[in-house]
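Asks: could you look at this predicted model? Sequence included:
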Amino acid sequence: MNFSDSEIVASLMQDEGYEISGESKDADVVLVNTCSIRDNAEQRVRKRLRELKALKKNNPFLKIGVIGCMAERLKEQLLEEEQSVDLIVGPDAYRDLPALLDKVEEGQKAINVILSTKETYSDITPVRLDKNGVTAFISIMRGCENFCAYCVVPFTRGKERSRDVKTIIQEARDLFENGYREVTLLGQNVNSYFREDDGKQTSFYELLEQVAAVSPQLRVRFATSHPKDISDELLKAIGKHHNICNAIHLPVQSGSNNILSLMKRKYTREWYLDRIAAIRKYIPGCAISTDIIAGFCTEKDEDHRDTISLMNRVGYDYAFMFKYSERPGTIAQKKLDDDVPESVKSERLQEIIDLQQQLSHASNKRDIGKTFEVLAEGFSKKSADFLMGRNSQNKVVVFPKGNYNKGDYLNVKINDCTPATLIGTAT
Ligand code: 5AD
Ligand code: SF4
């Protein structure tokens, strides 16, 4: 999401005559796009700001801005704490950046952290910063109103709002015409997308089908989904269209009903497992990935065991795994005790990571001998004789280059794997 926002910001700045510089030491303005989701994300930003402060010694005209969630969360406080910062801009105020920078040019500090109920940047054509020229993000909704107890996002990104259908389809078409072959529809709760324009209602599965209709040669992915809105209609739509990828990221957070209830996730373990069964029914061979938090408030060993058993039941192909990090202003911070000792959080997280490593490896081993359609994205990291691409399940596949180029679809037979990569040859 932040990467996609940076592409919108780059576009707004380019329209004002700014150019993207390769390195911060050559820049007149550095904007640091920030995340507040866990404390360590914020600490990394603080470190980056200290490094940038050193650059100001060589270039006294350098302007430093903090944009995104940390700007929104800390507001003026960040100007006081980080003396090197000239500019603070929240996620809904990027259109104001040029005017704010003018103010900074005049020697003042500038700030805009007003959240909007409408802003979706729908008319902005993002500057594609990741130049593989094959895959791109399309932001389709912003904000979140779920207020999961641990999460800072509803406070930093404001109310949920969906972008109009027409500009989304147009962006997908433009990308396809410019050679792109895969788009990922993005939002905090992408499957809660809902839009009414000129009396016509569009829900997420309908939008997905419209994007898929741009071309059978354009793959469509989406992230991130909330389990509460994984409907059968959506799963059927994915099953029906070859170019809607068979990979669903479905954050579970915990396998324990006690913890899910305290987290205010709005579903139970049983309900989640029913949705997993529905995915398996409507989309055989679909990859399923998740997010897991270890050591949320009051988590007992038996709650942790429930998470481990759920991971085994689902057999996730991939997971993002975190230690609970208390965030100021959230419901958990106000009402619950962050009472799991750091050492216990670390132990539980390590057990979760070790298990996921095994599950991912087992999933990849099951793919040996299978043939997948792969979209080539570019050279493999290790050798220019090999290309890398992804299959529909979003697994990275590496294969000898042959006469293939990035942007090509080809069939690859898998003959080996690591826990993270499938290795094969074109057939
Ligand atoms: N501590 C740890 N992990 C968190 N996440 C969100 N808030 C927190 C927090 N306070 C995780 C969730 C979410 C992912 C994007 O980040 O797993 O799905
Ligand atoms: Fe945070 Fe929950 Fe919203 Fe996801 S759904 S962004 S975890 S509040």
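Replies: Right, received. Where do you want to start? Ligands and ions are numbered 1, 2, ... in the order given.
Asks: return the residues of the protein in contact with ligand 2.
Replies: Within the chain, the positions lying close to ligand 2 (Cβ under 6 Å from any ligand atom) are Cys144, Asn146, Phe147, Cys148, Cys151, Val153, Pro154, Gln188, Asn189, His226. For glycine as for every other residue, the C-beta is placed from the backbone atoms N, C-alpha and C.
Asks: what score does the fifth one have for pLDDT?
Replies: So that's Cys151. As predicted, Cys151 sits at a pLDDT of 98.
Asks: next, it: secondary structure please.
Replies: Put simply, Cys151 is coil when judged by DSSP: H, G, I helix; E, B strand; the rest coil.
Asks: test my guess that it contacts Thr330.
Replies: Yes - under the criterion of Cβ atoms under 8 Å, Cys151 makes contact with Thr330 at 6.3 Å.
Asks: which one's more surrounded, these two?
Replies: Comparing Cys151 with Thr330 by other Cβ atoms under 10 Å, the one with more neighbours is Cys151, at 22 against 19.
Asks: give the contact list for that one.
Replies: Counting by Cβ atoms under 8 Å, 6 or more residues apart in numbering, Cys151 makes contact with Ile37, Cys144, Arg327, Thr330.
Asks: I figured the last one hits Thr156, correct?
Replies: No - in terms of Cβ under 8 Å, Thr330 does not count as a neighbour of Thr156; the distance is 10.7 Å.
Asks: quick check: neighbours shared by the two?
Replies: The contact sets of Thr330 and Thr156 do not overlap (Cβ under 8 Å, 6+ apart).
Asks: look at Arg161 and say how many residues are nearby.
Replies: Counted by other Cβ under 10 Å, the residues lying close to Arg161 total 19.
Asks: next up, the contacts around it.
Replies: When contacts are counted by Cβ under 8 Å, 6+ apart, Arg161 touches Ser116, Thr117, Lys118, Glu119, Thr120, Met141, Arg142, Gly143.
Asks: filter these to the buried ones?
Replies: Ser116, Glu119, Thr120, Met141, Arg142, Gly143 (16 or more other Cβ atoms under 10 Å).
Asks: which residue sits closest to Asp367, ignoring its sequence neighbours?
Replies: Using Cβ to Cβ, 6 or more residues apart in numbering and skipping the chain neighbours, the partner closest in space to Asp367 is Ile414 (5.0 Å).
Asks: Ala223 now?
Replies: His249 (5.1 Å).
Asks: give me the phi and psi for the one you found.
Replies: Backbone torsions for His249, taken as degrees, to the nearest 10, come to phi -100, psi 110.
Asks: residues contacting it?
Replies: By Cβ under 8 Å, 6+ apart, the contact list for His249 reads Ala223, Thr224, Ser225, Ile288, Ser289, Thr290, Asp291.
Asks: need the strands for the stretch 51-200 of the chain, in chain order.
Replies: Using DSSP state E, counting those that start in this stretch, the strands of the stretch 51-200 of the chain run over residues 63-68, 87-89, 110-112, 135-139, 141-142, 161-162, 182-186, 194-197, 200-203.
Asks: wait, which of these is closest to Lys57?
Replies: Among the strands of the stretch 51-200 of the chain, the nearest to Lys57 by Cβ to Cβ is strand 63-68 (12.6 Å).
Asks: what packs against that closest one?
Replies: helix 2-15, strand 29-34, helix 39-58, strand 87-89, helix 97-105 (3 or more Cβ pairs under 8 Å, 6 or more residues apart in numbering; DSSP states H and E).
Asks: tell me which of those sits nearest to Ile244.
Replies: helix 2-15 (19.6 Å).
Asks: close to ligand 1: what parts of the stretch 101-250 of the chain are there?
Replies: Residues of the stretch 101-250 of the chain lying close to ligand 1 (Cβ under 6 Å from any ligand atom) are Tyr150, Cys151.
Asks: please redo it, this time with the cut-off set to 8 Å
Replies: Counting by Cβ under 8 Å from any ligand atom, the positions of the stretch 101-250 of the chain adjacent to ligand 1 are Cys148, Tyr150, Cys151, Val152, Val153, Thr224.
Asks: out of these, which is most surrounded?
Replies: Top of these by neighbour count (other Cβ under 10 Å): Tyr150, with 25 neighbours.
Asks: quick revisit: what's the ChimeraX syntax to select whichever of the residues of the chain next to ligand 2 are buried?
Replies: To isolate the buried ones among these in ChimeraX, judged by 16+ other Cβ under 10 Å, type:
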select :144,146,148,151,153,154,188,189,226
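Asks: near Pro328, how many other residues are there?
Replies: For Pro328, using other Cβ under 10 Å, the count is 12.
Asks: distance check, the spatially closest residue to Arg50 that is not a sequence neighbour against ligand 2.
Replies: Excluding its sequence neighbours, the residue lying closest to Arg50 (Cβ to Cβ, 6+ apart) is Ser84, at 7.9 Å. Remark: distance between Ser84 and ligand 2 (Cβ to the nearest ligand atom, to the nearest Å) = 30 Å.
Asks: surely Ser84 is in contact with Leu52?
Replies: Yes - between Ser84 and Leu52 a contact is recorded at 6.2 Å, counting by Cβ under 8 Å.
Asks: okay, and the common contacts of the two?
Replies: With Cβ under 8 Å, 6+ apart as the test, Ser84 and Leu52 both reach Ile64.
Asks: mind putting the contacts of His249 in JSON lines, distance to Arg265 included?
Replies: Shown next, in JSON lines, are the contacts of His249 (distance: Cβ to Cβ, whole Å):
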{"residue": "Ala223", "distance to Arg265": "18"}
{"residue": "Thr224", "distance to Arg265": "13"}
{"residue": "Ser225", "distance to Arg265": "13"}
{"residue": "Ile288", "distance to Arg265": "17"}
{"residue": "Ser289", "distance to Arg265": "17"}
{"residue": "Thr290", "distance to Arg265": "12"}
{"residue": "Asp291", "distance to Arg265": "11"}
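Asks: need these in TSV with secondary structure, can you?
Replies: Shown next, in TSV, are the contacts of His249 (three-state DSSP):
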residue	secondary structure
Ala223	strand
Thr224	coil
Ser225	coil
Ile288	strand
Ser289	strand
Thr290	strand
Asp291	strand
